[in-house]
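Participant: okay, sequence plus prediction incoming.
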Amino acid sequence: MGTALSLILGTAGFIRAAIFATPFFETVAITTSLFMIVIISIILGAMMPLGMKRLGIDPAHSSTTIQVVMDILGVSITVWVSSLVLDSGLIVRHGQ
């Protein structure tokens, strides 16, 4: 289910970026980041309450914890993926 949701949201992100005429490699970076963020948040969202319960922490705290963790991971993933895609040297820059 997580993969299906990631694919749907990734496709929607790709279409949105394409509609707004975002350059192709930036569209790839955005779509890849979105896919990774969604799938990681689904995995962490399912595992964190179980892990907290095992550690003796009230699993109800996982909802706010996952928000903070995914905010930090989301930005980190976006920067990492964008760096890989846009700075990898695979893009032929005009005039260089």
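Facilitator: Yep, it's here.

Participant: now the element after the helix or strand of the chain with the lowest mean pLDDT, going C-ward?
Facilitator: Of all helical and strand segments in the chain, the minimum by mean pLDDT, DSSP states H and E falls on helix 2-19, at a mean of 84. Using DSSP states H and E, the helix or strand that follows helix 2-19 in sequence is helix 24-54.

Participant: on that earlier part again, chain center to the least confident helix or strand of the chain, what's the gap?
Facilitator: 11 Å (C-alpha atoms, centre = their mean, to the nearest Å).

Participant: got the angle between that helix and helix 24-54?
Facilitator: Using axes from the mean of the first three to the mean of the last three C-alpha atoms, to 10 degrees, one finds that helix 2-19 and helix 24-54 are set 150 degrees apart in direction.

Participant: and the helix or strand that contains Val75, what does it pack against?
Facilitator: Using DSSP H and E, Val75 sits within helix 62-86. In terms of contacts (3 or more C-beta pairs under 8 Å, 6 or more residues apart in numbering; DSSP states H and E), helix 62-86 is packed against helix 24-54. Glycine gets a C-beta too; all of them are placed from N, C-alpha and C.
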